[in-house]
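*Asks:* Structure here, sequence nowhere to be found:
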Ligand SMILES: Nc1ncnc2c1ncn2[C@@H]1O[C@H](COP(=O)(O)OP(=O)(O)OP(=O)(O)O)[C@@H](O)[C@H]1O
Ligand SMILES: [Mg+2]
């Protein structure tokens, strides 16, 4: 189902939870809603589902305005974080629930449940009760139950939040495959960037009730359009006075500009690792953390603490050690604008006077 949402607003009392939200989703796409707590993600889902009425704005599903349709007529399936299964019902009955309400004939219900049990990898569990399942299995039952009535839109509100990291990782891959196979338009809310990046075709960053940016994960990462997005996605350091760093002196011409430096924009090492010392700063290792596939290093440069990564293949740096720091580029922003600035000394090294 193609979704078109325009100029949604929703106020709870004095508080505006959703501000002029517009977006569209192509049929069969999975879109990830990502953003800080209280940003308005759940409110947006609830409005789409018809559980909340917007103050203004239009919701169009497949060319048809659905603002006045009750939830059960919108063709939506839900999976929520705490969407408890019916405890006293077996897996089979949980999945069949929506179909019974629709008064589907018994043999058709049996066939549809069998199909979903197969699809969600729950074969052999049909007669178990929720307390006899693991968290991951329960959430798969919740997916099967949501998909059973063949919804056109699937709304997933942090479906894996209560599940531990390892299983969660497996479920992500599983969900991605499931959604591809079923080909259903879906919206997936998460707090977890990695989850959004891995699962979604497109990400929408929601903050203070507004859409900050929408795009593919790569697009958002490479071209953040607002300081909020730049600092929210990926790890980074905000630097107040970027003009104090070598190669960025020119930034002085923009007095109220701050900079954001991503870890991968920074290279650190011992003297022999650099051919171009004129573009480097001197820094001191503050802390170093083993990250499984690399080191995460906190390095002090002047009054700034920068975060960067270092390959496990290279010499291990020690806390307190003096190192060379090359900042390749920074993301600059002020109230009106944002842009990338390259280290000028790196591009155009100063001539060496002998
Ligand atoms: N029914 C309500 N009455 C009053 N305020 C509400 C109501 N529902 C949501 N809010 C407020 O609206 C804001 C957005 O809430 P929402 O649940 O949409 O955020 P969220 O992005 O889903 O957050 P989280 O990531 O913590 O789930 C919050 O400040 C919340 O307190
Ligand atoms: Mg929420």
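*Replies:* That came in fine, so what should we check first? All figures in this text were calculated on a predicted structure; none of them were measured in a lab. Numbers count the residues shown, from 1 in each chain. Ligands and ions are numbered 1, 2, ... in the order given.
*Asks:* any idea how far residue 282 is from residue 327?
*Replies:* For residue 282, the distance to residue 327 equals 12 Å [Cβ to Cβ, to the nearest Å]. (C-beta placed from N, C-alpha, C; glycine too.)
*Asks:* wait, I meant residue 93
*Replies:* With distances taken as Cβ to Cβ, residue 93 is found 60 Å from residue 327.
*Asks:* More neighbours: which of these two?
*Replies:* Taking neighbours as other Cβ atoms under 10 Å, residue 93 and residue 327 compare with residue 327 leading, 29 against 17.
*Asks:* Need the pLDDT of that one.
*Replies:* At residue 327, the pLDDT value in this model is 95.
*Asks:* my guess is it contacts residue 263, does it?
*Replies:* No - counting by Cβ atoms under 8 Å, residue 327 sits too far from residue 263 to count as a contact (11.0 Å).
*Asks:* For the stretch 101-250 of the chain, which segments are assigned as strands?
*Replies:* Secondary structure of the stretch 101-250 of the chain by DSSP state E, counting those that start in this stretch: the strands cover 153-157, 185-190, 202-207, 210-215, 237-239.
*Asks:* Show me what from this protein comes close to ligand 1.
*Replies:* Neighbours of ligand 1 within the chain, by Cβ under 6 Å from any ligand atom: 12, 15, 17, 35, 37-43, 191.
*Asks:* With respect to pLDDT, which of these ranks lowest?
*Replies:* Of all the residues of the chain next to ligand 1, residue 191 has the smallest pLDDT value, namely 84.
*Asks:* burial measure for that one, as a count.
*Replies:* Residue 191 has 14 nearby residues by other Cβ under 10 Å.
*Asks:* Is it correct that residue 199 is in contact with residue 175?
*Replies:* Yes - in this structure, residue 199 is within contact of residue 175 by Cβ under 8 Å, at 6.3 Å.
*Asks:* Identify the contacts common to those two.
*Replies:* The overlap between the contact sets of residue 199 and residue 175 (Cβ atoms under 8 Å, 6 or more residues apart in numbering) consists of residue 188.
*Asks:* Next up, the contacts around the closest residue to ligand 2 within the stretch 201-350 of the chain.
*Replies:* Nearest residue of the stretch 201-350 of the chain to ligand 2, counting by Cβ to the ion: residue 206, 9.9 Å away. Contact analysis of residue 206 by Cβ under 8 Å, 6+ apart lists 33-35, 39-41, 44, 212.
*Asks:* For it, list each beta-bridge partner.
*Replies:* residue 211 (DSSP bridges).
*Asks:* where along the stretch 201-350 of the chain do the helices fall?
*Replies:* Counting by DSSP state H, counting those that start in this stretch, the stretch 201-350 of the chain has these helices, from start to end: 217-222, 227-232, 344-347.
*Asks:* Highest mean neighbour count out of those helices?
*Replies:* Highest mean neighbour count of the helices of the stretch 201-350 of the chain: helix 227-232, a mean of 20 (counted as mean count of other Cβ atoms under 10 Å).
*Asks:* for the record, mean pLDDT for it?
*Replies:* On average, helix 227-232 scores 85.
*Asks:* Any idea how far it is from the middle of the chain?
*Replies:* Mean C-alpha position of helix 227-232 versus that of the full chain (Cα atoms, centre = their mean, to the nearest Å) differs by 12 Å.
*Asks:* Could you shift the numbering so residue one becomes 54, and keep it that way?
*Replies:* That works, and once the first residue is 54, the last one we named lands at helix 280-285.
*Asks:* Kindly spell out which helices and strands sit in contact with it.
*Replies:* Contacts defined by 3 or more Cβ pairs under 8 Å, 6 or more residues apart in numbering; DSSP states H and E place helix 280-285 against strand 255-260, strand 263-268, strand 311-314, strand 382-386.
*Asks:* ok, residue 107 - contacts?
*Replies:* The contact partners of residue 107, by Cβ under 8 Å, 6+ apart, come to 61-63, 71, 100, 120.
*Asks:* okay, how far is it across stretch 81-95, tip to tip?
*Replies:* Using Cα to Cα, to the nearest Å, one end of stretch 81-95 lies 21 Å from the other.
*Asks:* repeat for stretch 355-371
*Replies:* End-to-end distance for stretch 355-371, by Cα to Cα: 18 Å.
*Asks:* likewise stretch 205-220?
*Replies:* First-to-last residue span, stretch 205-220, Cα to Cα: 27 Å.
*Asks:* Can you list the buried residues in that stretch?
*Replies:* Buried residues in stretch 205-220, defined by neighbour count with 16 or more other Cβ atoms under 10 Å: 205-214, 216, 220.
*Asks:* cool, stretch 234-244 as well?
*Replies:* Buried residues in stretch 234-244, defined by neighbour count with 16+ other Cβ under 10 Å: 235, 237-243.
*Asks:* Ligand 1: which of those is nearest?
*Replies:* residue 242 (6.6 Å; Cβ to the nearest ligand atom).
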